[in-house]
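K.L.:
pasting the sequence and the predicted model now:
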Amino acid sequence: QTIYRIGGMENVDVFTCEAKGRGLKAVKEFWAGDVIFAERAYAAVVFDSLTHLVCHTCFKRHEKLQRCGQCKFAHYCDRTCQKDAWANHKNECSAIKRHGKAPNENIRLAARILWRIEKEGGGLTEGCLVSIDNLQNHVDHFGDEEKKEMRIDLESFLEFWPPDNKQFGMTYISHILGVINCNGFTLSDQRGLQAVGVGIFPNLCLVNHDCWPNCTVIFNNGNHQAVRSMFHTQMRIELRALGKISVGEELTVSYVDFLNVSEDRKQQLKKQYYFDCTCEHCQKGIKDDLMMAVKEGNEKPSKEVVKDVIQFSKETLEKIDEARTEGIYHQVVKLCRECLDRQDPVLGDTNLYLLRILSIMSEVLSYLQLFDEAAGYSKRMVDGYMKLYHPNNAQLGMALMRAGVTQWHAGLIEAGHGMICKAYAILLVTHGSTHPITKDLEAMRVQSEMELRMFQENEFMYYKMREAALQNQTIQVMPEPAANEISPGIFQKK
Ligand SMILES: [Zn+2]
Ligand SMILES: [Zn+2]
Ligand SMILES: [Zn+2]
């Protein structure tokens, strides 16, 4: 088994061109699943709402965390994580004590960056191809609302920053806040189910966007329990190849979810990252027709009917959001059902509005443990996804995993095993074999394969075993939907 070390910057070269500015290209050939480089966070913090639920060093979720005795703010899994954190937490700890409370996540992250700069300077640090000083901040592009938020953040920062530390100018602090605003990378928990924090990874910031990219970026919380073994791995991001990449080819990742028509993706990219996407998929509108598909053949609906159904879908999605936020899941199910009744005779099976409803419907029904019904919807959803996504897209892999688990719970062992196998093949590329989610999937794959074989040979034994498996909860039920879901954009933005 390969152990990936932090690094790999020798695998890439920085280039500059007029159209895109800076970028990274490969200096050797890569294949699907190769780690091109791995990078530790320059600085990272846990989200405000989760500071007592997630370890401040490794960003894993834990039932029981230990609290820092000094500030009572920071939380850690154990002594190892606490000791690891001290170098980064020392200044923060005394600043929180002095200030009386911890400021918001943006301010905490800015302070951590500036304490590091106070110690090491703002120039190039070891293993970095770009310095914090040289990262883009886009402050010039800010609209009125963003400028106002920036002023509020600046004020809270100045209140928090200790007078006995180095004093930075307003322009420099604004630069750091601007960098966080457009380059903050969302960190997830160890199961990849929840967004738990934000970090700055300077090398990753050099990787340009493409809606149909050749790389993916994945957060790995590492395995700190293996500190003394050769398997010791640290919290890091990994840039992984999705397919063959030739020498000299530019490395790209997608900053946004592909499941939006090109016009909408372009708008989102402009608003969030301040550039016009000129990728091939946007220029040619590739797959736009599938995402807007309507029923074909004799029953082909009129333009008016399609327009009405889309409008109805938009309104329903808003109502669903409200009901979901309030946790009224039976209302969500009712709204989805009404919407599907309208959509089914009109929209094609890859239409985005249909897929969104199918996704919410199967997620909520699974949460309510109504697996028999959820199974059908999740099958339709992943069938649509497979026609739209890149075959090695991480989101497709995660959707297949969830759908596979739903099929398994519904007793559809063959379909479930098939989806779990497909998900496993994708996650081997996007997450790697040592990632906790891939390991979960491998266990599911082995179990569902065994069950499938038994089912084919001896049905009675199969049902006996299944009963036992359900009691043991080997294949777990779904987490509660909504709340802090992984945002579809890779760099977080408030
Ligand atoms: Zn930890
Ligand atoms: Zn502390
Ligand atoms: Zn594009």
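P.N.:
That came in fine, so what should we check first? This is a predicted model, so every value here is computed, not measured. Ligands and ions are numbered 1, 2, ... in the order given.
K.L.:
please count neighbours and contacts with C-alpha atoms only from this point.
P.N.:
Fine.
K.L.:
what parts of this structure come near ligand 3?
P.N.:
Neighbours of ligand 3 within the chain, by Cα under 5 Å from the ion: C211, C277, C279, C282.
K.L.:
just the residues you listed: which are in helices?
P.N.:
The helices, defined by DSSP state H, take in C282 from the residues of the chain next to ligand 3.
K.L.:
just the ones of the residues of the chain next to ligand 3 in strands?
P.N.:
Among those, no member is found in strands (DSSP state E).
K.L.:
among the residues of the chain next to ligand 3, which ones are buried?
P.N.:
Taking 16 or more other Cα atoms under 10 Å as the criterion, what is buried in the residues of the chain next to ligand 3 is C211, C277, C279, C282.
K.L.:
could the residues of the chain next to ligand 3 go into TSV alongside distance to ligand 2?
P.N.:
Compiled in TSV, the residues of the chain next to ligand 3 are given as follows (distance: Cα to the ion, whole Å):
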residue	distance to ligand 2
C211	41
C277	43
C279	46
C282	48
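K.L.:
for ligand 1, state which of the residues of the chain next to ligand 3 is nearest.
P.N.:
The closest of these to ligand 1 turns out to be C211 (Cα to the ion; 33.8 Å).
K.L.:
the closest residue to that closest one other than its chain neighbours and H281: what is the separation?
P.N.:
Of all residues not flanking C211 in the chain, S254 sits nearest, at 5.2 Å (Cα to Cα, 6 or more residues apart in numbering). S254 sits 12 Å away from H281, going by Cα to Cα, to the nearest Å.
K.L.:
now S448
P.N.:
Look at S448 and H281: by Cα to Cα, they are 37 Å apart.
K.L.:
looking at these two, which is more packed in?
P.N.:
Neighbours were counted for S448 and for H281 using other Cα atoms under 10 Å; S448 has more, 23 against 17.
K.L.:
overlap in contacts of S254 and H281?
P.N.:
Contact criterion Cα atoms under 8 Å, 6 or more residues apart in numbering; residues shared by S254 and H281: C211, W212.
K.L.:
follow-up on the earlier one: isn't the residue nearest to C211 right next to P213, touching?
P.N.:
Yes: shown here, S254 and P213 form a contact pair, counting by Cα atoms under 8 Å, at 5.8 Å.
K.L.:
number of nearby residues for Q268?
P.N.:
By the measure other Cα under 10 Å, the count of residues near Q268 is 19.
K.L.:
for the stretch 1-150 of the chain, what lies in contact range of ligand 1?
P.N.:
By Cα under 5 Å from the ion, the residues of the stretch 1-150 of the chain that approach ligand 1 are C55, C58, C77, C81.
K.L.:
ok so, going back, a markdown table please, covering the residues of the chain next to ligand 3 and showing pLDDT.
P.N.:
Shown next, in a markdown table, are those (pLDDT from 0 to 100):
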| residue | pLDDT |
| --- | --- |
| C211 | 97 |
| C277 | 96 |
| C279 | 96 |
| C282 | 98 |
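K.L.:
skip ahead from the host helix or strand of T316 and say which helix or strand is next.
P.N.:
Following DSSP states H and E, one finds T316 within helix 303-325. Using DSSP H and E, the helix or strand that directly follows helix 303-325 along the chain is helix 329-343.
K.L.:
confidence score at S229?
P.N.:
For S229, the pLDDT comes out at 58.
K.L.:
thinking again about what came up before, ok, now which ones touch the residue nearest to C211?
P.N.:
Going by Cα under 8 Å, 6+ apart, S254 touches H209, D210, C211, W212, P213, T216, I490.
K.L.:
quick check, nearest of those residues to ligand 1?
P.N.:
Once Cα to the ion is applied, the member of the contacts of S254 that ends up nearest ligand 1 is I490, at 22.8 Å.
K.L.:
tell me where the stretch 101-250 of the chain has helices.
P.N.:
Taking DSSP state H, counting those that start in this stretch as the criterion, the stretch 101-250 of the chain carries its helices at 105-120, 144-160, 170-183.
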